[in-house]
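Trainee: Quick one, fold the following:
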Amino acid sequence: MRLAAVLVLGALRIASSSGCAYAPIDTADTADTGDAGDADDDQALLTIEPVGTTCSAREPLSSLIVGSGTPQQWSFAVLSDLHLPNPRAATVDRTIEGLIALGVRLVIVTGDHTNGSDRVDHRRGRVKAWWARVTDALEPLHDAGIAVLPIAGNHDTYLSWQHEGYQQAFADLERWAAPFKLNAGTGLGEARTPYSYSLDVDGVHFALAHVVDQAIDRDVADWLTDDLAAAANARLRFVFGHVPLFSVIRRPARQFVDRFGPILDHGHADFYVAGHEHVTWDETFSLPSGDSLRQVTVGCASGFYVFSPSKAAQRRAACEGHGEHGTLSCTMPNGGRFELVRDRSQRMVEHDGNTFTVFTVTGDDLLISRPRERRSRRASTSCAGAGANYR
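Mentor: So this is what the prediction gives:
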């Protein structure tokens, strides 16, 4: 099976600064162990293959220098859309192994851990098994001293028993977040832990908000506004939600942008990081105020199923045909090359495998890399170092 190259590597020097709804999937008839159909993944190897690009129009590539081996350098990873259990569940296990080898300090999971929907009420008896598969997959990170920071996705929260499953799975969120101390959300509804909360790591603020549709709950909006205001002195401010503010697989919902965008703008968020759309994307969008926001969509960590960027997004990526089989070569608006190729269903997709995103922080510099799983005859699993020097 052919896989499109999906790794993107870029850097950005940050100056100091003061609902999509998809057809639900039901994989309950697959084995709850999740490995059926994963046979030709057994020899896969996690790799990082850097492609030097500038991720910002504000500075040329030559000015973006990330030093190696500096004591302030550290990294964190963002996974999304595990959708466990599923036939590619072993891919998630190998990804976790790779992140441990990479030495990230924390892993954020931006929702859709499971396959719940509003049409699977008859599956409620399996919810404990679903979440056991999720927590079992993530437990090796905790055992390695790596903090795990989850938020819920739409497939985790359609029905009340799905809400309860998520809440029970991460009722001991402080244990998962160790060694970091949480700023616990204490608001109403989902404006509370484990749905919405924040933390600070070496002057970098992480706000994790419950955003599972193209709308933001009033209580969550109030909590996030206050949280970002309290983080005014942070060197960098990341906000994480499940659903992107600006969709890249369909037309963005203007009402959502008009409601959520000003909260991120007034809170001086440097990045909004999301999942949900099962694509990898990096673009800076204009907010209603005229200011801009950089949004990173991290892809599908299990590679269970994928979507294609919209025609409008493909135009922004200057996609051009080349080679056989109608392959398109594209460059993301913030830099980073990728290809659109036909998957097994003959759809044009960005990749037909798993993706996730690693952020490496060095002082006020930020390096973004997107590893992928590449087929290999080697039986071992590894994840190459994410650092790269720009000279």
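
Trainee: so where's the longest helix in the protein?
Mentor: In the chain, with assignment by DSSP state H, the single longest helix is helix 127-143.

Trainee: how about that one as CSV, C-alpha atoms only?
Mentor: The C-alpha trace of helix 127-143 is given here as CSV (Å, rounded to 0.1, in the frame of the first residue of the first chain):
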residue,chain,number,x,y,z
VAL,A,127,-18.2,1.7,27.4
LYS,A,128,-15.9,0.5,30.3
ALA,A,129,-14.1,-1.7,27.8
TRP,A,130,-13.7,1.2,25.4
TRP,A,131,-12.1,3.4,28.0
ALA,A,132,-10.0,0.6,29.4
ARG,A,133,-8.4,0.2,26.0
VAL,A,134,-7.8,4.0,25.9
THR,A,135,-6.2,4.2,29.4
ASP,A,136,-4.2,1.0,28.9
ALA,A,137,-2.8,2.6,25.7
LEU,A,138,-1.8,5.8,27.5
GLU,A,139,-0.6,4.2,30.8
PRO,A,140,3.0,3.6,29.5
LEU,A,141,3.4,7.4,29.2
HIS,A,142,2.5,7.8,32.8
ASP,A,143,4.8,5.0,33.8
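
Trainee: Go ahead and flag the most central residue of this protein.
Mentor: Val298 (3.5 Å; CA atoms, centre = their mean).

Trainee: which one is it nearest to, not counting chain neighbours?
Mentor: Once flanking residues are discounted, Val298 sits nearest to Thr357: 4.2 Å by CB to CB, 6 or more residues apart in numbering. Using the backbone N, CA and C atoms, a C-beta is placed for each residue, glycine as well.

Trainee: Repeat that for Thr186.
Mentor: Arg192 (5.7 Å).

Trainee: And for His242?
Mentor: Gly111 is the one closest to His242 (CB to CB, 6+ apart), at 3.5 Å.

Trainee: returning to what we had before: what sits against the residue nearest to the centre of the chain?
Mentor: Val78, Leu79, Ser80, Thr110, Val273, Ala274, Gly275, Thr280, Thr355, Phe356, Thr357, Arg370 (CB atoms under 8 Å, 6 or more residues apart in numbering).

Trainee: Arg342 reaches Gly323, doesn't it?
Mentor: No: contact status for Arg342 versus Gly323: not in contact, 11.7 Å apart, counting by CB atoms under 8 Å.

Trainee: Spell out, range by range, the helices that occur in this structure.
Mentor: Under DSSP H, the chain gives helices at 89-102, 127-143, 160-169, 173-177, 218-230, 254-266, 311-316.

Trainee: deepest of those helices, which one?
Mentor: helix 89-102 (a mean of 22; mean count of other CB atoms under 10 Å).

Trainee: quick one: low-confidence parts of the stretch 201-350 of the chain?
Mentor: 324 (pLDDT under 70).

Trainee: mind listing the strands for the stretch 1-150 of the chain?
Mentor: With strands called from DSSP state E, counting those that start in this stretch, the stretch 1-150 of the chain shows them at 9-13, 44-47, 52-54, 74-79, 106-110, 147-151.

Trainee: Extract the CA atoms of stretch 263-275 and return them as CSV.
Mentor: This file holds the C-alpha atoms of stretch 263-275, laid out as CSV (Å, rounded to 0.1, in the frame of the first residue of the first chain):
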residue,chain,number,x,y,z
ILE,A,263,-11.9,35.0,22.9
LEU,A,264,-8.6,33.7,21.5
ASP,A,265,-7.8,37.1,20.1
HIS,A,266,-8.4,39.1,23.4
GLY,A,267,-6.6,36.4,25.3
HIS,A,268,-3.5,36.8,23.1
ALA,A,269,-3.5,33.1,22.2
ASP,A,270,-0.4,32.3,20.0
PHE,A,271,-1.7,28.9,18.8
TYR,A,272,-5.0,27.1,18.6
VAL,A,273,-4.4,23.3,18.2
ALA,A,274,-7.2,20.9,17.4
GLY,A,275,-8.0,17.5,15.8
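
Trainee: For the stretch 251-391 of the chain, which segments count as strands?
Mentor: Ranges of strands in the stretch 251-391 of the chain, per DSSP E, counting those that start in this stretch, are 271-274, 280-286, 292-298, 320-321, 328-331, 337-342, 348-349, 357-362, 365-369, 372-375.

Trainee: Columns distance to Asp219 on top of those, output as CSV?
Mentor: Converted to CSV, these look like this (distance: least, CB to CB, whole Å):
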stretch, distance to Asp219
strand 271-274, 19
strand 280-286, 25
strand 292-298, 22
strand 320-321, 46
strand 328-331, 39
strand 337-342, 38
strand 348-349, 37
strand 357-362, 28
strand 365-369, 31
strand 372-375, 37
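
Trainee: Quick check: bridge partners of the residue nearest to Val298?
Mentor: Taking DSSP bridges as the rule, Thr357 bridges to Val78.

Trainee: Quick check: it touching Gly299?
Mentor: Yes: the criterion here is CB under 8 Å, and Thr357 meets it with Gly299 at 7.2 Å.
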